[in-house]
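**Q** Turn this into a structure:
(one chain, ligands or ions: 1)
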Amino acid sequence: MATDSWALAVDEQEAAVKSISNLQIKEEKVKPDTNGVIKTSVTTEKTDEEEKEDRAAQSLLNKLIRSNLVDNTNQVEVLQRDPKSPLYSVKSFEELRLKPQLLQGVYAMGFNRPSKIQENALPMMLAEPPQNLIAQSQSGTGKTAAFVLAMLSRVEPAERYPQCLCLSPTYELALQTGKVIEQMGKFHPELKLAYAVRGNKLERGQKISEHIVIGTPGTVLDWCSKLKFIDPKKIKVFVLDEADVMIATQGHQDQSIRIQRMLPRNCQMLLFSATFEDSVWKFAQKVVPDPNIIKLKREEETLDTIKQYYVLCNNRDEKFQALCNLYGAITIAQAMIFCHTRKTASWLAAELSKEGHQVALLSGEMMVEQRAAVIERFREGKEKVLVTTNVCARGIDVEQVSVVINFDLPVDKDGNPDNETYLHRIGRTGRFGKRGLAVNMVDSKHSMNILNRIQEHFNKKIERLDTDDLDEIEKIAN
Ligand SMILES: Nc1ncnc2c1ncn2[C@@H]1O[C@H](COP(=O)(O)OP(=O)(O)OP(=O)(O)O)[C@@H](O)[C@H]1O
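**A** I've put the predicted structure just below:
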């Protein structure tokens, strides 16, 4: 590439560079309330540390907005520690021979049959003698419900000391899991739960009588060692939830390993993760000896049913103008507009509002509860257009979105095309086969180059669109 186009690229990607420079830059920004009303406030650019925090926030967000299982038709991959032992899978909760109160709890939660991952994971987790398990499947596939059921099944209510220990990456995530334990154990009122989280102060010398302890690694470690509130030698089930989020937080990995070392050899160890990068796998092997392994692949996304276009502009203002031209057509359906940084997203949402367009902004600096409320309104169709960044929208499946606008093309931190994110933003799982429209805003030679590389990568033509041709746009959007 010629030097001048690199210079252009540098200009263009200035925001990207900022976001990886680990500098906090104060600036005036706009921020919507939960109804998408935009107000002015001061905020900061994103840093690497925030990016890590985002994983926990994203995970919490997923839990808050999800009320159902994510359907998945992919095959489950099972690797048994002892390949000769028979592989059991169940199609009903009855087959698991649960305690009657637990079965009642499961049905009261509205579960009729085990989810795909539960079909295999539950018989393994409930087997005698207990077996260790490492399980990976995307968020919303029923992992939490599975290990909660395993913990509740193994608890002896008459024994008044902690028997199950569950580690969560954050206080908020621990509370969410706690809620599931309470719901599922509803018909077992004598079962008690304690939260080992910062701020939950107990008197020194005290022993905990609750059967299940759920908490963050630092506090659990203190409770097991320094403060001796828990006798780790009596733990029968150890669960490490959200392992991928866990290892993204400084110190959590070591603390988890130290806790695991205090547990008896026959303690059942279970580890769950939504993703399975190498780092997660290495960590999993350290904390779960002799594991069975279950993996459920994500549903494949394709671009087959998506019409892809690009709009040629000279700068950001022209991109904005082109977007305004498109606006009428895209609001017939529901649309998501992706920007590279929080700053651009906030600017764009404010500018569109000034033009009298109703838009919602989903941004990383909003509280998770606020974000959940914005997504909920969008899902209900109260909001037609959602402006967001990639990090913020990661993992959100909004089935009804039929138009995706890439106000900025997805690039990685080196400025190369981020094909995976492109597919994730606009792709659809073949099973739903829904049609969609994607419009990419291109404003320089460099972004044209990125677009061409994306086109080559997927071997799918991205056609040019003239935003003055409203008839054409409306035809496409419908
Ligand atoms: N067998 C089931 N039948 C119906 N619904 C279920 C079943 N198992 C779990 N659910 C529900 O599906 C949703 C997702 O389940 P769960 O939270 O266990 O998934 P997860 O894989 O742990 O997700 P995350 O990684 O986000 O924690 C929850 O609302 C849960 O109540």
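
**Q** helix/strand/coil for Leu270?
**A** With DSSP: H, G, I helix; E, B strand; the rest coil as the basis, Leu270 sits in strand.

**Q** burial count for it?
**A** When counting by other Cβ atoms under 10 Å, one arrives at 29 neighbours for Leu270. All C-beta spots, glycine's among them, are computed from the backbone N, C-alpha and C.

**Q** Run through the bridge partners of it.
**A** For Leu270, the beta-bridge partners under DSSP bridges are Leu133, Val239.

**Q** I'd say it and Leu133 touch.
**A** Yes: the pair Leu270 / Leu133 is scored as a contact, 5.0 Å apart, by Cβ atoms under 8 Å.

**Q** residues shared between the contacts of the two?
**A** Common contacts of Leu270 and Leu133, defined by Cβ atoms under 8 Å, 6 or more residues apart in numbering, comprise Met125, Val288.

**Q** Correct me if wrong, but Phe276 is in a strand.
**A** No: applying three-state DSSP, one finds Phe276 to be coil, outside a strand.

**Q** Phi and psi next, for it.
**A** Main-chain torsions, Phe276, degrees, to the nearest 10: phi -140, psi 60.

**Q** Please identify the residue of the stretch 151-300 of the chain positioned nearest to the ligand.
**A** Ala274 (5.0 Å; Cβ to the nearest ligand atom).

**Q** any idea how far Val197 is from Val106?
**A** 27 Å (Cβ to Cβ, to the nearest Å).

**Q** Tyr171 now?
**A** Separation of Tyr171 from Val197 (Cβ to Cβ): 5 Å.

**Q** who touches both of the two?
**A** By Cβ under 8 Å, 6+ apart, the residues touching both Tyr171 and Val197 are Thr216.

**Q** Those two - which one has more neighbours?
**A** Comparing Tyr171 with Val197 by other Cβ under 10 Å, the one with more neighbours is Val197, at 19 against 16.

**Q** So which residues on this protein come close to the ligand?
**A** 62-63, 66-69, 109, 111, 114-115, 118, 139-145, 274 (Cβ under 6 Å from any ligand atom).

**Q** Just the buried ones from these?
**A** Neighbour-count burial (16 or more other Cβ atoms under 10 Å) applied to the residues of the chain next to the ligand gives 62-63, 111, 114-115, 118, 139-145, 274.

**Q** Tabulate the residues you listed in TSV, adding columns for secondary structure, distance to Ile181 and pLDDT.
**A** Listed next are those as TSV, based on DSSP: H, G, I helix; E, B strand; the rest coil; distance: Cβ to Cβ, whole Å; pLDDT from 0 to 100:
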residue	secondary structure	distance to Ile181	pLDDT
Asn62	helix	18	78
Lys63	helix	14	79
Phe111	coil	15	95
Pro114	coil	18	96
Ser115	coil	18	93
Gln118	helix	16	96
Ser139	coil	19	84
Gly140	coil	18	86
Thr141	coil	19	91
Gly142	coil	15	94
Lys143	helix	14	95
Thr144	helix	9	96
Ala145	helix	10	96
Ala274	coil	20	90
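
**Q** Columns distance to Leu263 on top of the residues you listed, output as TSV?
**A** What follows is those, written out as TSV (distance: Cβ to Cβ, whole Å):
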residue	distance to Leu263
Asn62	29
Lys63	27
Phe111	30
Pro114	28
Ser115	28
Gln118	25
Ser139	27
Gly140	29
Thr141	27
Gly142	26
Lys143	21
Thr144	21
Ala145	24
Ala274	24
